[in-house]
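Asker: missing the sequence, but the structure's below:
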């Protein structure tokens, strides 16, 4: 038993005698409330065979057509099983009651259901990149190798597929077998992508032509390294391509595959034309009808969500299947002759110990896993305190995990002070900034391994320096606490201020003080709006990520730094054991933590 094991890990299975796994059953018609679901006791050995045998599609009648959709989203490099509580790296050495999901289970069930239901589609809603040491070591090579084993009919491009820049996405898409669909992306300024991405694809099932249209959120410009790509209006792009499919290609059914989040999917569905269902990702939303199979997973709504199109008055379904290989979505649909859904039946299937890991896939994963384990278990340092980023700690204020990363950034700049030949300079940069969304996990007390560091900062980042004008530094603070900032605050070192949440947005920050760099005794001094301050910042935030566009726009003398992981590992090697406390740089007035938790709920849910 490792230091992360708790009795809570087995709650899902202690309750197995009373919790049933809700699967599908025979039904001529099933309404919006997903009635008539058969229950199979989780005491039964629930292999992929028994999942399939328990679920029968609708009896077809004259003028109707049955279609099953098998879908997953936000894989995030979870090649190995994940922790049942956190969806992060499973720290219990493969214990079947503590570890769920993983690629081998995903492959087992997706392949078996595809075989069981000939009139079916397998759809991947994106974000297969980033999230584990597997991707950090092997990038798109391991991702494409195993993703190609799942018989996908279409996939789309998640925002994290840009984590290795446009060039990395190009290399990945060259290796992908499935059609890649995004209707609202303009690749003209990144022409290497043009032959690799289509607006839609057409498949045939049971004599019916089915058009699959892709789209992504325009927020990619703030959260992804999209280079010179342009992301176009979601609704206009989807409707234009759906209309073309119906008018020119004479498709019978239109399905949308998105990476935009469940809220935007509903907006698009309500404004859609010809669309019958939106299969989505990005927000990691767990939808479920009935009692969920694991109490750690709280449904955010029914499966499916049902909306009414304001354009053609058709009923449009919206589905999503959580994230991290915990679930595989399965929905059975019955269409009438006009391509409208009249009945449906389904729920995501929990990939716990009852879904077998395919033995051949497990064996094929093993050589990669050996390399991952060799690198990942290398101890880089230690901590005598919990470095906490759990439950949105870094979204609600200052957090000690963020403080540790910021101190590593400042220490790097202390080492680089020789860049300027000034006797009074104690550091090259006295202010450090990182977006809270870039901090993905906690680290408990004890040894800190390379895997632990990757769990916290899994992205391909560098910590770089620039000179930022003082007025813009104030804007960064205001953006961090503004009501219209739904992406998250920054963690910042070398700055003190007072924040009053009762004041209007962009008027909340006062008494700003900045740590001096060109001084023999470091101390805080009042912010000078006209002065240039050298800061160290992660490149995602510098490039406008999460809406912090003022940094790049109002800075000068950018100097690219080293890898974030290299900097943090150097810091841990020199200063372990670390004992970082929660800073007290900001006096906060009238803050309402519950409202902030609600505001950032989607972002917090995406952590791990």
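Answerer: The structure has been received and is ready for your questions. Please read all numbers here as calculations on a predicted model, not as lab measurements.

Asker: Quick check: longest helix in this protein by residues?
Answerer: Ranked by residue count and defined by DSSP state H, the top helix of the chain is helix 359-376.

Asker: average pLDDT for it?
Answerer: In this model, helix 359-376 carries a mean pLDDT of 96.

Asker: can you check stretch 271-289 too?
Answerer: Mean pLDDT, stretch 271-289: 97.

Asker: now swap in stretch 185-198 and tell me
Answerer: On average, stretch 185-198 scores 98.

Asker: Check stretch 226-244 too.
Answerer: For stretch 226-244, the mean pLDDT works out to 98.

Asker: The longest helix of the chain: what's the following helix or strand?
Answerer: strand 379-383 (DSSP states H and E).

Asker: how about residue 150, what does it touch?
Answerer: The contact partners of residue 150, by Cβ atoms under 8 Å, 6 or more residues apart in numbering, come to 106-107, 110-111, 122, 124. Any C-beta I mention is one placed from the backbone N, CA and C, and that applies to glycine too.

Asker: which two in these are spaced the farthest apart?
Answerer: 111 and 124 (13.7 Å; Cβ to Cβ).

Asker: who has more neighbours, these two?
Answerer: Between residue 111 and residue 124, counting by other Cβ atoms under 10 Å, residue 124 is the more crowded of the two (28 against 18).

Asker: pLDDT below threshold where in the stretch 301-450 of the chain?
Answerer: Flagging of the stretch 301-450 of the chain using pLDDT under 70 yields the residue ranges 423.

Asker: residue boundaries of the strands in it?
Answerer: 305-308, 315-319, 327-335, 341-346, 349-350, 379-383, 431-435, 446-449 (DSSP state E, counting those that start in this stretch).

Asker: so which of those strands comes closest to residue 274?
Answerer: That would be strand 315-319 among the strands of the stretch 301-450 of the chain, by Cβ to Cβ, at 9.9 Å.

Asker: Show me what that closest one is packed against.
Answerer: helix 262-270, strand 275-279, strand 305-308, strand 327-335, strand 341-346 (3 or more Cβ pairs under 8 Å, 6 or more residues apart in numbering; DSSP states H and E).

Asker: In the stretch 101-250 of the chain, mark out all the helices, start to finish.
Answerer: 103-116, 133-147, 165-175, 220-223, 234-247 (DSSP state H, counting those that start in this stretch).

Asker: how about the strands of the stretch 301-450 of the chain in TSV, adding mean neighbour count and distance to residue 291?
Answerer: Formatted as TSV, the entries for the strands of the stretch 301-450 of the chain read as follows, by neighbours: other Cβ atoms under 10 Å; distance: least, Cβ to Cβ, whole Å:
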stretch	mean neighbour count	distance to residue 291
strand 305-308	17	18
strand 315-319	24	18
strand 327-335	25	15
strand 341-346	21	15
strand 349-350	26	12
strand 379-383	18	39
strand 431-435	26	37
strand 446-449	19	37
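
Asker: Make CSV out of these and add distance to residue 559.
Answerer: Formatted as CSV, the strands of the stretch 301-450 of the chain follow (distance: least, Cβ to Cβ, whole Å):
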stretch, distance to residue 559
strand 305-308, 47
strand 315-319, 45
strand 327-335, 44
strand 341-346, 53
strand 349-350, 48
strand 379-383, 26
strand 431-435, 14
strand 446-449, 28
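
Asker: closest to residue 257 out of these?
Answerer: strand 315-319 (10.8 Å).

Asker: partners of that closest one, with directions?
Answerer: Here strand 315-319 is paired, per DSSP bridges, with strand 275-279 (parallel), strand 305-308 (antiparallel).

Asker: Need those strands in CSV (columns: distance to residue 150).
Answerer: Shown next, in CSV, are the strands paired with strand 315-319 (distance: least, Cβ to Cβ, whole Å):
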stretch, distance to residue 150
strand 275-279, 15
strand 305-308, 25
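
Asker: hang on, the earlier thing: for residue 525, which of the helices of the stretch 101-250 of the chain is the nearest?
Answerer: Closest approach to residue 525 among those is made by helix 220-223 (31.9 Å; Cβ to Cβ).

Asker: Out of the helices and strands packed on strand 315-319, flag the one nearest residue 136.
Answerer: Using Cβ to Cβ, these put strand 327-335 closest to residue 136, at 24.8 Å.

Asker: gap between the two ends of stretch 438-452?
Answerer: 14 Å (Cα to Cα, to the nearest Å).

Asker: And the helices of the stretch 101-250 of the chain: which comes nearest residue 196?
Answerer: It is, among these and with distance given as Cβ to Cβ, helix 165-175, at 4.0 Å.

Asker: for the closest one, which positions count as buried?
Answerer: 166, 168-170, 172-173 (16 or more other Cβ atoms under 10 Å).

Asker: Contacts for that helix next, please.
Answerer: 129, 139-141, 143-145, 148, 157, 161-162, 164, 180, 190, 192-193, 196-197, 225-229.

Asker: can you redo the helices and strands packed on strand 315-319 as TSV with distance to residue 488?
Answerer: Formatted as TSV, those follow (distance: least, Cβ to Cβ, whole Å):
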stretch	distance to residue 488
helix 262-270	16
strand 275-279	25
strand 305-308	25
strand 327-335	25
strand 341-346	33
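
Asker: Looking at those, which is nearest to residue 82?
Answerer: Closest approach to residue 82 among the helices and strands packed on strand 315-319 is made by strand 327-335 (11.5 Å; Cβ to Cβ).

Asker: how far away is residue 208 from residue 336?
Answerer: Applying Cβ to Cβ, to the nearest Å, the value for residue 208 to residue 336 is 12 Å.

Asker: Show me what the longest helix of the chain is in contact with.
Answerer: Under Cβ under 8 Å, 6+ apart, the answer for helix 359-376 is 79-80, 103-104, 107-108, 133-134, 137-138, 142, 146, 149, 449-451, 454.

Asker: next one: stretch 192-210
Answerer: So stretch 192-210 is contacted by 65-67, 118-121, 153-154, 157, 166-167, 169-170, 173-174, 179-183, 185, 187-188, 211-214, 229, 237, 241, 245, 249-255, 335 (Cβ under 8 Å, 6+ apart).

Asker: Mind checking which of those are in strands?
Answerer: Within the contacts of stretch 192-210, residues falling in strands by DSSP state E are 65-67, 120-121, 154, 185, 211-214, 253-255, 335.

Asker: Kindly provide the distance from residue 204 to residue 67.
Answerer: Taking Cβ to Cβ, one finds residue 204 at 11 Å from residue 67.

Asker: which one of these two has more residues nearby?
Answerer: Higher neighbour count among residue 204 and residue 67: residue 67, with 24 against 10, using other Cβ under 10 Å.

Asker: Report pLDDT for that one.
Answerer: What the model reports for residue 67 is a pLDDT of 98.

Asker: so what are the domain limits for this structure?
Answerer: With domains defined by automatic domain parsing, the chain comprises 7-369, 378-605.

Asker: Need the winner for burial among those.
Answerer: domain 7-369 (a mean of 20; mean count of other Cβ atoms under 10 Å).

Asker: what distance separates it from the middle of the whole chain?
Answerer: The chain centre lies 14 Å from the centre of domain 7-369; the measure is Cα atoms, centre = their mean, to the nearest Å.

Asker: Stretch 357-377 too?
Answerer: Distance, centroid of stretch 357-377 to centroid of chain: 23 Å (Cα atoms, centre = their mean).

Asker: about what we covered before: out of the buried residues of helix 165-175, who's nearest residue 98?
Answerer: Closest to residue 98, out of all of the buried residues of helix 165-175 and judged by Cβ to Cβ, is residue 172, at 31.5 Å.

Asker: measure that closest one to residue 454 for me?
Answerer: Distance from residue 172 to residue 454, by Cβ to Cβ: 19 Å.

Asker: now do residue 189
Answerer: Taken as Cβ to Cβ, the span from residue 189 to residue 454 is 32 Å.

Asker: ditto for residue 554
Answerer: Counting by Cβ to Cβ, the gap from residue 554 to residue 454 is 33 Å.

Asker: That's all I had, so thanks and see you.
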